[in-house]
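Undergrad: Need a 3D model of the sequence below.
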Amino acid sequence: MVPQMKTFLAALTLSAAIPLLDSCKGGDDGLALGIVERERVTHIATMSEIITELPVEEGSEVERGDVLVRLDDTIQRSNLSLAEAELSSARANLDKLQAGPREEEIAIAEARVKGAKAALADAVATVKRNTVLAARDAVSQARLDTDLARQDAAQAELDSAREYLRELKNGARPEDIRIAETAVAAAQAKVQVERRRLDDLVVTASRDGVLDALPWNLGERVSAGSPVAILLAGERPFARVYVPEPYRVKVHEGITLQVRVDGIDEPLQGTVRWISAEPAFTPYYALNQTDRARLMYLAEIDLPDAAATLPSGVPAQAVMP
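TA: Numbers count the residues shown, from 1 in each chain. Coordinates of the predicted model:
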């Protein structure tokens with residue numbers, strides 16, 4: 001369990017354990033007081049949507065994969081369809097580049113070259129004819145200049161048509177194909193993200209356990225990041241207790257302690273699986289010797305199989321060594 005979660009659970013347990021801690025002042029020396037708990041698995045909403053279905057009631061046993069909450073997926077399905085359309089477009093563009101030009105496109109380009117050649121030949125002939133006429137003053141110089149410009153334009157059109165035909169025959173450049181392949185990969189990644197977001201709108205149990213709470217009601221719009229279902233998981237509960245400061249040096253991970261639970265005559269043998277390195281209250285260096293004795297260290301104690309049926313929240317006391 002991560003330290004942040006332990007700190008959060010410590011705060012929750014503290015409020016429940018305060019009455020127990022107060023009672024130890026009256027003669028419960030040598031006991032670490034707390035409650036029986038189970039691992040809490042919180043499922044959160046990844047998007048702000050309306051709850052459309054709550055198929056499981058609170059308190060029901062669930063298995064991994066059972067649907068706990070369904071959120072409205074109308075908008076997300078549209079987002080997924082849009083991403084899939086973009087992927088299809090990117091793939092079509094890549095296929096087009098890899099396949100190269102069709103025969104019809106090459107035939108059109110060749111015809112364009114022939115037309116440009118004919119236009120250039122006509123322009124050259126006109127210039128030759130008007131050059132002779134201009135020498136005889138039968139055609140003005142302005143007319144001859146226009147014909148020369150028309151000849152240059154025809155030559156440029158022929159050059160352009162020839163280059164276009166060569167481009168078609170050579171096919172797409174490797175750089176353009178790599179760009180198209182990158183576009184396809186990006187579109188595929190976007191589809192995967194949108195599909196995952198769609199799947200996350202159906203909240204399923206990540207572990208076997210008991211559905212402890214459904215914080216939201218049917219028809220409510222949940223906030224993104226807020227809990228929508230809380231499970232109590234694990235085959236056996238554990239005791240979360242506060243170890244008094246005078247016993248902290250004697251309690252460490254792996255040590256066996258007797259745990260007394262209200263309603264059970266015989267004590268249970270538990271194993272300390274974790275104990276906090278920091279006190280739950282005022283830092284020890286700010287207290288005198290008398291006040292330090294009131295410090296408490298949060299600890300978690302694994303209970304035996306016999307405690308499997310114990311409900312969460314009942315008081316528990318660990319006998320200090």
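
Undergrad: Can you tell me the strand partners of the helix or strand that Ile51 is a member of and which way each runs?
TA: Taking DSSP states H and E as the criterion, Ile51 maps to strand 51-53. Using DSSP bridges, strand 51-53 pairs in its sheet with strand 67-71 (antiparallel).

Undergrad: quick one: the closest residue in space to Arg112 that isn't next to it in sequence from Gln76, how far?
TA: Nearest residue to Arg112, sequence neighbours excluded (CB to CB, 6 or more residues apart in numbering): Ala161, at 4.5 Å. Quick note: C-beta positions are derived from backbone N, CA and C, even for glycine. Using CB to CB, to the nearest Å, Ala161 is found at 50 Å from Gln76.

Undergrad: One more: Arg221?
TA: Arg221 is 14 Å from Gln76, by CB to CB.

Undergrad: more neighbours, those two?
TA: Set Arg221 next to Gln76 and count neighbours by other CB atoms under 10 Å: Gln76 wins out with 19 against 12.

Undergrad: Am I right that that one sits in a helix?
TA: Yes: the assignment for Gln76 is a helix, going by DSSP: H, G, I helix; E, B strand; the rest coil.

Undergrad: Tell me if I'm right that it and Asp199 touch.
TA: No: applying CB atoms under 8 Å as the test, Gln76 and Asp199 come out as separate, 9.5 Å apart.

Undergrad: ok now the strand holding Ile51, how far from the chain's centre?
TA: Centroid separation for strand 51-53 versus its chain: 22 Å, with CA atoms, centre = their mean, to the nearest Å.

Undergrad: part of a strand, is Ala119?
TA: No: under three-state DSSP, Ala119 falls outside any strand and is assigned helix.

Undergrad: ok, it to Ala111 distance?
TA: Taken as CB to CB, the span from Ala119 to Ala111 is 13 Å.

Undergrad: And those two? Which one has more around it.
TA: More crowded of Ala119 and Ala111, by other CB under 10 Å: Ala119, with 18 against 12.

Undergrad: From the chain's centroid, how far away is the helix or strand containing Asp145?
TA: Element membership of Asp145 [criterion: DSSP H and E] is helix 141-170. Offset of helix 141-170 from its chain centre (CA atoms, centre = their mean): 57 Å.

Undergrad: For it, give the mean pLDDT please.
TA: On average, the pLDDT along helix 141-170 is 87.

Undergrad: do stretch 224-240 as well
TA: 92.

Undergrad: And for stretch 48-59?
TA: Here stretch 48-59 scores 96 as its mean pLDDT.

Undergrad: Only the C-alpha atoms, please, for it, written as CSV.
TA: Taking C-alpha atoms only, stretch 48-59 is exported to CSV below (Å, rounded to 0.1, in the frame of the first residue of the first chain):
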residue,chain,number,x,y,z
SER,A,48,-17.9,13.4,-16.1
GLU,A,49,-21.0,11.5,-17.4
ILE,A,50,-24.5,10.5,-16.2
ILE,A,51,-25.0,7.2,-14.4
THR,A,52,-27.3,5.0,-16.6
GLU,A,53,-27.2,1.7,-14.7
LEU,A,54,-26.4,0.4,-11.2
PRO,A,55,-26.7,-3.4,-11.7
VAL,A,56,-25.4,-4.4,-8.3
GLU,A,57,-26.8,-3.5,-4.9
GLU,A,58,-24.6,-2.3,-2.0
GLY,A,59,-23.5,-5.2,0.3
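
Undergrad: What lies in contact with that stretch?
TA: Residues from elsewhere that reach stretch 48-59 (CB atoms under 8 Å, 6 or more residues apart in numbering): 62, 66-73, 75-76, 201, 210-214, 216-224, 228.

Undergrad: Sitting in helices, which of those residues do you find?
TA: Those of the contacts of stretch 48-59 mapping onto helices are 75-76, per DSSP state H.

Undergrad: Of the contacts of stretch 48-59, select the buried ones using a PyMOL command.
TA: The PyMOL selection below is limited to those of the contacts of stretch 48-59 classed as buried (16 or more other CB atoms under 10 Å):
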select buried, resi 62+66+68+69+70+71+73+76+201+210+211+212+214+216+222+228
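
Undergrad: Out of the contacts of stretch 48-59, which sit inside strands?
TA: Under the assignment DSSP state E, the contacts of stretch 48-59 contribute 62, 67-71, 210-213, 228 to strands.

Undergrad: nearest to Arg236, of the residues you listed?
TA: Nearest to Arg236 out of the ones in strands among the contacts of stretch 48-59 is Val210 (CB to CB; 13.2 Å).

Undergrad: The residue lying closest to the closest one once chain neighbours are set aside: which element?
TA: Once flanking residues are discounted, Val210 sits nearest to Leu232: 4.7 Å by CB to CB, 6+ apart. In this structure, Leu232 is located in strand 227-244 according to DSSP H and E.

Undergrad: Thank you kindly, that will do.
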